[in-house]
Every structure is written in structure tokens, then in C-alpha cells.
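Enquirer: Sharing a model prediction with you, sequence too.
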Amino acid sequence: MLHDLTNEKQQAHELIDRLPPAQLAAVAGLLKAMLDPVSRAISNAPLDDEPETDEERRAVAEAKEWLQLHPGIPFEEVLADFGLTVNDIIRVLHRKEAYR
């Protein structure tokens, strides 16, 4: 069993070594997500099979109707309501990535 695992790891390393840079970055991101406990928990969580309630159906219908009558709200405007900018979000994402 240990020998099989060693062979699989060696094979994985060899395949990774052959990847071009763009694909290597994608694989690295995938591996990070697979090893992240929160990502693993989300991917292993059961599907939400709870039936939609009448109240939820009404809320969705109202939202769709509102969007038919009004333009959408730009993301920048939503952020501004919270005193944020897109650059604030980018900085947070970069910081989060640095801690991985």
C-alpha cells in the first residue's frame, strides 16, 4: 500500500513538472482548495434538498419583477454604501491569499 502511494506521488510530481506555467497555477489553486478545511467542508456538505417555501417563491418573484423595472445596482455603488471600494476588496483577497 505504501509503495502504491509512493508511486502515485512520484507520478503526480512528474505530471506537475510537465505543466506549462498557466496550468501549473491552476493546479496549485486546485490543490490549495482541496487542502483547505473550509473548502473541503463545503464540497462535502449535503445538497440543500429542503423544499422552497411560498414566502421564498414570493421573494424571488418580487426580486425578478424589481429587476425588470429597474436597472441593476453597480457593485461599486453597493460597496460605496459600506464605505468600501473595489480596491479594498482586492487588498483583502490578496491578504487572504498570502495567508494560505
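Expert: Ah, there it is.

Enquirer: When you work out contacts or count neighbours from here on, use the C-alpha atoms and nothing else.
Expert: Noted.

Enquirer: State the distance from E65 to P74.
Expert: Look at E65 and P74: by Cα to Cα, to the nearest Å, they are 18 Å apart.

Enquirer: Please identify which helix or strand holds P51.
Expert: Using DSSP states H and E, P51 sits in no helix or strand.

Enquirer: Over to R58?
Expert: Using DSSP H and E, R58 falls in helix 54-69.

Enquirer: Please apply the same query to V38.
Expert: Under the assignment here (DSSP H and E), V38 is part of helix 37-44.

Enquirer: any idea how far L84 is from I90?
Expert: 11 Å.

Enquirer: Ok, L19 next?
Expert: Counting by Cα to Cα, the gap from L19 to L84 is 38 Å.

Enquirer: what do you get for W66?
Expert: 25 Å.

Enquirer: One more: N7?
Expert: 50 Å.

Enquirer: cool, E76 as well?
Expert: For E76, the distance to L84 - Cα to Cα - is 8 Å.

Enquirer: so who does M34 touch?
Expert: Contact analysis of M34 by Cα atoms under 8 Å, 6 or more residues apart in numbering lists R40.

Enquirer: quick one: it from R95, how far?
Expert: 20 Å.

Enquirer: ditto for A25
Expert: A25 sits 18 Å away from R95, going by Cα to Cα.

Enquirer: Repeat that for Q23.
Expert: Distance from Q23 to R95, by Cα to Cα: 23 Å.

Enquirer: And for V78?
Expert: Applying Cα to Cα, the value for V78 to R95 is 22 Å.

Enquirer: With G29 instead?
Expert: Counting by Cα to Cα, the gap from G29 to R95 is 15 Å.

Enquirer: got it, and K32?
Expert: Using Cα to Cα, K32 is found at 15 Å from R95.
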